[in-house]
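**Student:** I'd like to go over a predicted model; first the sequence, then the structure.
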Amino acid sequence: MTPSASLKSTEPRLKVEGLKTYFFLDHGILKAVDGVDFHVGEAESVGIIGESGCGKSITAQSMLQLVRGRGQIVAGHAVLRRKQGEMVDILSLDPDSAEMRSVRGDDASIIFQEPMTSFSPVHTIGFQIGEMLRLHTKLSEAQIRERVIAMLGRVGISNPEVRIDEYPHQLSGGMRQRAMIAMALICHPQIVIADEPTTALDVTIQAQILDLMRDLQDELGMSIVYITHNMAVVAENVSRVYVMYLGRVVETTTTERLFKDPKHPYTQKLLRSIPHPGRPVERLEVIEGSVPSAVDPPRRCGFFTRCPSAMAGVCDAAIPALTKVDDEHWARCFLLSDEKEAEDEWSSL
Ligand SMILES: Nc1ncnc2c1ncn2[C@@H]1O[C@H](COP(=O)(O)OP(=O)(O)O)[C@@H](O)[C@H]1O
Ligand code: SF4
Ligand SMILES: [Mg+2]
């Protein structure tokens, strides 16, 4: 039994508080993630949903300190329980430190939308996937090869004994995506953040990858954060959902409650705009307008410009706080409470 399987804890596997990731651009500060809290339990799957540009991917990248360029994590904590049980605030680590490298891949990994950027063109995929095991385990070269071949087979790559020695350009896009998923899972991480992992794959392979992730979850107690537009993936795989809008969580509840009784006007509109078990394609509605710019956003409800229930003088005068509906349900809307979000040191930026 691995240490992870024997360690049971009531503490979340990962607890994120007050995450803010801003891009310091020439024309202003783009607040991609502006005060996000979420947690994931051991062997739990949670979902993050929301339209494009709402900060889902930057939230994911922040978790492993992979935000580059002009992006900077300006506030927040992300406390992870590592394989041996010790707690570490990932965001307090130097992004280039040995400890951060050891967290990445071994304890936590991300499956990206863009497989091309994950592989170097100059090494075989087998070498690159094996590198994770060379870094994080003491396995022999023969054992590494055996494990890589087995994992390539599990993600649906046929002839893995041959494919292991191929270079990324020799694989089709779908194959590369699967090889990247193999790389993310090879060290059996405690937590996987899957950022639209199967969007580019055909339906059969999608189902196979989701099955594999569920199997690893059962075997190893792996926790999974699914970032997805696919409501079937949400309905079938996650126990709780976080809805993001303009860099903030605007609603969070159990999957069942989300579909049955969404409270936030944005969630209500979002669920009417994407197919899911309760909303067939022919009944879909478009959400009017678009997500406003996240560059120096005014201090008002982010949904104010698109909300059918917006109250002038209230919703455009402050940012609503995340308000408790009950123990399992929270939403950020002045219809639920007149509580405003507390000001903090970054709010004046
Ligand atoms: N490298 C970058 N430089 C500047 N802005 C970025 C960069 N990456 C993302 N953004 C901006 O951050 C915001 C959130 O993006 P993202 O997290 O990718 O959204 P989502 O994954 O929800 O579609 C968007 O406004 C996007 O334009
Ligand atoms: S706070 Fe006001 S504008 Fe925002 S979602 Fe609620 S009702 Fe709509
Ligand atoms: Mg994204």
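**Tutor:** Looks like it came in fine. Numbers count the residues shown, from 1 in each chain. Ligands and ions are numbered 1, 2, ... in the order given.

**Student:** near ligand 1, which residues of this structure?
**Tutor:** 23, 30, 32, 50, 52-58, 69-71, 294 (CB under 6 Å from any ligand atom). The way it works is simple: take the backbone N, C-alpha and C, and place the C-beta from them, glycine included.

**Student:** for whichever residue of the stretch 1-150 of the chain sits closest to ligand 3, helix, strand, or coil?
**Tutor:** The minimum distance from the stretch 1-150 of the chain to ligand 3, using CB to the ion, falls at residue 57 (3.2 Å). What DSSP: H, G, I helix; E, B strand; the rest coil gives for residue 57 is helix.

**Student:** my guess is it contacts residue 194, does it?
**Tutor:** No. In this structure residue 57 lies outside contact range of residue 194 using CB atoms under 8 Å: 11.4 Å.

**Student:** about what we covered before: spatially, which residue comes closest to the residue of the stretch 1-150 of the chain closest to ligand 3, not counting chain neighbours?
**Tutor:** In this structure, residue 57 finds its nearest non-sequential neighbour in residue 195, 5.4 Å apart by CB to CB, 6 or more residues apart in numbering.

**Student:** So which residues of the stretch 1-150 of the chain form strands?
**Tutor:** All strands of the stretch 1-150 of the chain, identified by DSSP state E, counting those that start in this stretch, fall at 14-25, 28-40, 45-49, 71-81, 87-89, 108-111.

**Student:** May I see those strands organised as TSV, with mean pLDDT, distance to residue 137 and mean neighbour count added?
**Tutor:** Below are the strands of the stretch 1-150 of the chain laid out as TSV (pLDDT from 0 to 100; distance: least, CB to CB, whole Å; neighbours: other CB atoms under 10 Å):
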stretch	mean pLDDT	distance to residue 137	mean neighbour count
strand 14-25	97	22	20
strand 28-40	97	24	21
strand 45-49	97	26	25
strand 71-81	96	19	19
strand 87-89	95	20	14
strand 108-111	92	14	24
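
**Student:** Next, format these as JSON lines and append distance to residue 316.
**Tutor:** JSON lines is the format used below for those (distance: least, CB to CB, whole Å):
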{"stretch": "strand 14-25", "distance to residue 316": "22"}
{"stretch": "strand 28-40", "distance to residue 316": "17"}
{"stretch": "strand 45-49", "distance to residue 316": "25"}
{"stretch": "strand 71-81", "distance to residue 316": "25"}
{"stretch": "strand 87-89", "distance to residue 316": "36"}
{"stretch": "strand 108-111", "distance to residue 316": "36"}
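
**Student:** and of these, who's closest to residue 222?
**Tutor:** strand 45-49 (9.1 Å; CB to CB).

**Student:** Report the inter-axis angle for the closest one versus strand 14-25.
**Tutor:** On the basis of axes from the mean of the first three to the mean of the last three CA atoms, to 10 degrees, strand 45-49 is oriented at 30 degrees to strand 14-25.

**Student:** mind listing what residue 88 touches?
**Tutor:** Residue 88 makes contacts with 79, 80, 82, 99, 103, as judged by CB atoms under 8 Å, 6 or more residues apart in numbering.

**Student:** typed the wrong thing, it's residue 323
**Tutor:** Applying CB under 8 Å, 6+ apart, the residues contacting residue 323 are 330, 331, 332, 333, 336, 337, 339.

**Student:** 6 Å - rerun?
**Tutor:** By CB atoms under 6 Å, 6 or more residues apart in numbering, residue 323 lies in contact with 336, 337, 339.

**Student:** Any chance of those in JSON lines with pLDDT and secondary structure as columns?
**Tutor:** Putting the contacts of residue 323 into JSON lines (pLDDT from 0 to 100; DSSP: H, G, I helix; E, B strand; the rest coil) gives the following:
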{"residue": "336", "pLDDT": "96", "secondary structure": "coil"}
{"residue": "337", "pLDDT": "91", "secondary structure": "coil"}
{"residue": "339", "pLDDT": "90", "secondary structure": "coil"}
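
**Student:** who wins for most neighbours among those residues?
**Tutor:** Within those, most neighbours by other CB atoms under 10 Å means residue 336, with 19 neighbours.

**Student:** Do you know the pLDDT at the closest residue to that residue other than its chain neighbours?
**Tutor:** Using CB to CB, 6+ apart and skipping the chain neighbours, the partner closest in space to residue 336 is residue 323 (4.6 Å). pLDDT recorded at residue 323 is 95.

**Student:** on that earlier part again, can you lay out the contacts of residue 88 as a markdown table showing distance to ligand 2?
**Tutor:** Output for the contacts of residue 88, formatted as a markdown table (distance: CB to the nearest ligand atom, whole Å):
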| residue | distance to ligand 2 |
| --- | --- |
| 79 | 30 |
| 80 | 32 |
| 82 | 38 |
| 99 | 41 |
| 103 | 36 |
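
**Student:** Need the max-distance pair from those.
**Tutor:** Spatial extent of the contacts of residue 88 (CB to CB) is set by the pair 79 and 99 at 14.1 Å.

**Student:** tell me, how many neighbours does the closest residue to ligand 2 within the stretch 151-300 of the chain end up with?
**Tutor:** The nearest approach of the stretch 151-300 of the chain to ligand 2 comes at residue 265, 4.4 Å away (CB to the nearest ligand atom). Per other CB under 10 Å, the neighbour tally for residue 265 reads 20.

**Student:** Does it touch residue 304 like I think?
**Tutor:** No. At 10.2 Å, residue 265 and residue 304 do not qualify as touching, with contact defined as CB atoms under 6 Å.
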